[in-house]
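Student: What follows is a predicted protein model with its sequence.
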Amino acid sequence: MNLDMTKGSPLKLILKFLVPVLLGCVFQQLYNMVDTIIVGKGVGSDALAAVGATGTIVFFILGFMNGLTTGFTVLSSQRYGAGDYEGLRKSVGNAFVLGLIVTVIMTIASLLGMDWLLRIMQTPEDIFDMSKEYIVIICVGIIFTTLYNLTASILRAVGNSKVPLYFLILSALLNVVLDLFFIMVLSWGVAGAAIATVISQGVSGILCLVFLLTKVDILKLKKEHFKLDPIGAKIQLNIGIPMALQFSITAIGTMILQAALNLLGSTVVASYTAACKVEQLVTQAFQAMGMTMATYSAQNWGIHSTERIRKGQKTAMVLSCSYAVIIYFVVLAILPFMTSLFFDGDLTTVIGYVREYIQICGLCFIPLGMIFIYRNVLQGCGYALFPTLGGVVELISRSVFAFMAASAKSYTGICVANASAWVTAGIFLWIAYLFIMKGILKKDEERKGKCNL
């Protein structure tokens, strides 16, 4: 069922759309976490560090693709909100063509440049081969990750957040089974974890595609819809490229941070990997809220309802801030148990590193929520520049602290680097939102004045 977010209570609409998206995000993180747990328990801490050492590179590559696919579907959401269904179908056809072209280019570039990337990341020699083995397989499967992200974004653009969830749950369960089989039975090590991830993402992507093309009446595409529309493609690229760059710029900052972290040794890298997995799981609510607000703002932008966008933003901020405060204390309470999922043996040192990360970064969950809300509201309205600049602010802040941490070989400095990036980018995007909304409201008043003449 497609959800029209241009009518009705913003709170009810946001919650109705948010819950399936949130569950999908959590399941996606859970099967990523299962990879990490099974690798750590079944292969060892070096293998866990090897997978963790590739995390920022994976984020750089897949984040770029995710930004593009999300950007390509903003126009679809706007046209759906405006009731322009033929324009919607054209924009969806465009998204598939553009997505395929970029996927081929990104896959080839990633495979050719992987050795260089791992070297500049200061990947420790004792885990280098395992890291390369893992990430090369992930890069081969970029097409499947992109397929799911694109088809799920298209379905969400027309208000359907439930179907992507169903297929993602199936994918997550499949991933667990394949992880156990490939790693624990066949002893394929980190390669088994990567293959399981690629296969499970491929299944969810193909199922989403089949549903989209056969079950959604307004998205029944014909051959002519796959002919690239230059005007629509220009709009989609104007939104998609800045969104992709915003992800990549943020990823560059995390890569610099990872390079500084790698200097501290495999034990610290493994501990940081576990801490990040915990943080990523509990912060999926912010990402889900961002995805919800992208669809909400885009649909309402399609009918030029600035007031509904503002009401939705305020509602989202209240929900996000409330969650941030509650989850901080919950995570600290269950942290020893969550850490024990990743490691065997004496956990005293590891828990210390994990707790320090969560204590520092958790204090900045509110500005992290601000980033996702303001970034996605602006992108949903077609304003891609300021979210990209927000990524630059994150990069600068994270890089400054990363260099300081590297010089001092300080784990605390690395934790502060992430927190500072969230605070500075959150404040920047909040100011950018106020500035843009002020301009939009002024134009609305001028338009009303002319209509009354």
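Tutor: Good, I have the coordinates. Numbering: from 1, shown residues only.

Student: Please count neighbours and contacts with C-alpha atoms only from this point.
Tutor: Noted.

Student: any low-confidence regions in the stretch 301-450 of the chain?
Tutor: For the stretch 301-450 of the chain, applying pLDDT under 70 flags the ranges 446-450.

Student: Which residue ranges of it form helices?
Tutor: Applying DSSP state H, counting those that start in this stretch to the stretch 301-450 of the chain gives helices spanning 306-340, 348-362, 365-380, 385-408, 411-452.

Student: which one of those helices has the most crowded surroundings?
Tutor: helix 365-380 (a mean of 26; mean count of other CA atoms under 10 Å).

Student: between the helices of the stretch 301-450 of the chain, which one is nearest to Leu150?
Tutor: helix 365-380 (15.9 Å; CA to CA).

Student: what does the closest one contact?
Tutor: 71, 74, 239, 243, 283, 286-287, 289-291, 293-298, 301, 309, 313, 316-317, 320-321, 324-325, 328, 384, 386-387, 422-423, 425-427, 429-430, 433 (CA atoms under 8 Å, 6 or more residues apart in numbering).

Student: Please export the C-alpha coordinates of it as PDB.
Tutor: The C-alpha coordinates for helix 365-380 follow below in PDB (Å, rounded to 0.1, in the frame of the first residue of the first chain):
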ATOM      1  CA  PHE A 365      23.400  11.400  19.700                       C
ATOM      2  CA  ILE A 366      21.100  14.500  19.600                       C
ATOM      3  CA  PRO A 367      23.300  16.400  17.100                       C
ATOM      4  CA  LEU A 368      23.600  13.100  15.100                       C
ATOM      5  CA  GLY A 369      19.800  13.000  14.900                       C
ATOM      6  CA  MET A 370      19.800  16.600  13.700                       C
ATOM      7  CA  ILE A 371      22.200  15.700  10.900                       C
ATOM      8  CA  PHE A 372      19.900  13.100   9.500                       C
ATOM      9  CA  ILE A 373      16.700  15.200   9.900                       C
ATOM     10  CA  TYR A 374      17.900  18.500   8.400                       C
ATOM     11  CA  ARG A 375      20.000  16.800   5.700                       C
ATOM     12  CA  ASN A 376      17.100  14.700   4.400                       C
ATOM     13  CA  VAL A 377      14.500  17.500   4.700                       C
ATOM     14  CA  LEU A 378      16.700  19.700   2.600                       C
ATOM     15  CA  GLN A 379      17.500  17.000   0.100                       C
ATOM     16  CA  GLY A 380      13.800  16.100  -0.200                       C
END
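
Student: got the angle between that helix and helix 411-452?
Tutor: 40 degrees (axes from the mean of the first three to the mean of the last three CA atoms, to 10 degrees).

Student: any idea how far helix 365-380 is from the chain center?
Tutor: 12 Å (CA atoms, centre = their mean, to the nearest Å).

Student: That helix vs helix 385-408, what angle?
Tutor: 140 degrees.

Student: Identify the residues contacting Met404.
Tutor: Met404 touches Gly413, counting by CA under 8 Å, 6+ apart.

Student: Can you report how many residues lie near Ile195?
Tutor: 21 (other CA atoms under 10 Å).

Student: so Ser271 sits right up against Tyr357, yeah?
Tutor: No: in this structure, Ser271 is not within contact of Tyr357 by CA atoms under 8 Å, at 9.6 Å.

Student: for Gly67, what are its contacts?
Tutor: Counted by CA under 8 Å, 6+ apart, Gly67 has contacts 240-241, 243-247.

Student: Specify the local secondary structure of it.
Tutor: With DSSP: H, G, I helix; E, B strand; the rest coil as the basis, Gly67 sits in helix.

Student: now it: how far from Ile427?
Tutor: Going from Gly67 to Ile427 by CA to CA, to the nearest Å gives 22 Å.

Student: How are the helices of the stretch 1-150 of the chain distributed by residue range?
Tutor: Counting by DSSP H, counting those that start in this stretch, the helices of the stretch 1-150 of the chain are 10-42, 45-53, 55-82, 85-120, 125-140, 142-157.

Student: rewinding a little: mind checking which of the contacts of Gly67 are in helices?
Tutor: 240-241, 243-247 (DSSP state H).

Student: any low-confidence regions in the stretch 1-150 of the chain?
Tutor: Using pLDDT under 70, the flagged stretches of the stretch 1-150 of the chain are 1, 31.

Student: Next, work out how far apart the closest residue to Ile142 other than its chain neighbours and Leu281 are.
Tutor: Computed as CA to CA, 6 or more residues apart in numbering, the closest residue to Ile142 that is not its neighbour in sequence is Thr107, at 6.5 Å. Thr107 sits 27 Å away from Leu281, going by CA to CA.

Student: Ser322 too?
Tutor: Taken as CA to CA, the span from Ser322 to Leu281 is 17 Å.

Student: same check, this time on Leu395
Tutor: 22 Å.

Student: How about Phe167?
Tutor: Distance from Phe167 to Leu281, by CA to CA: 19 Å.

Student: that older thread, ranking the ones in helices among the contacts of Gly67 by neighbours, who comes first?
Tutor: Ranking the ones in helices among the contacts of Gly67 using other CA under 10 Å puts Met243 first, with 32 neighbours.

Student: before we move on, the earlier item: tabulate the helices of the stretch 301-450 of the chain (TSV), appending distance to Leu219.
Tutor: TSV is the format used below for those (distance: least, CA to CA, whole Å):
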stretch	distance to Leu219
helix 306-340	26
helix 348-362	41
helix 365-380	20
helix 385-408	29
helix 411-452	31
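
Student: Those helices: which one's closest to Thr145?
Tutor: Evaluated with CA to CA, the helices of the stretch 301-450 of the chain place helix 365-380 nearest to Thr145, the distance being 21.0 Å.

Student: so the closest residue to Tyr353 other than its chain neighbours, which of the three states?
Tutor: In space, and not counting its chain neighbours, Tyr353 is closest to Ser271: 6.2 Å by CA to CA, 6+ apart. Under three-state DSSP, the three-state class of Ser271 is helix.

Student: State the pLDDT value of Ser271.
Tutor: For Ser271, the model assigns a pLDDT of 87.

Student: I'd like to know which of the contacts of Gly67 is nearest to Met184.
Tutor: Nearest to Met184 among the contacts of Gly67, with distances taken as CA to CA, is Phe247, at 34.4 Å.

Student: wait, the closest one sits on Val58?
Tutor: No: counting by CA under 8 Å, Phe247 sits too far from Val58 to count as a contact (11.5 Å).
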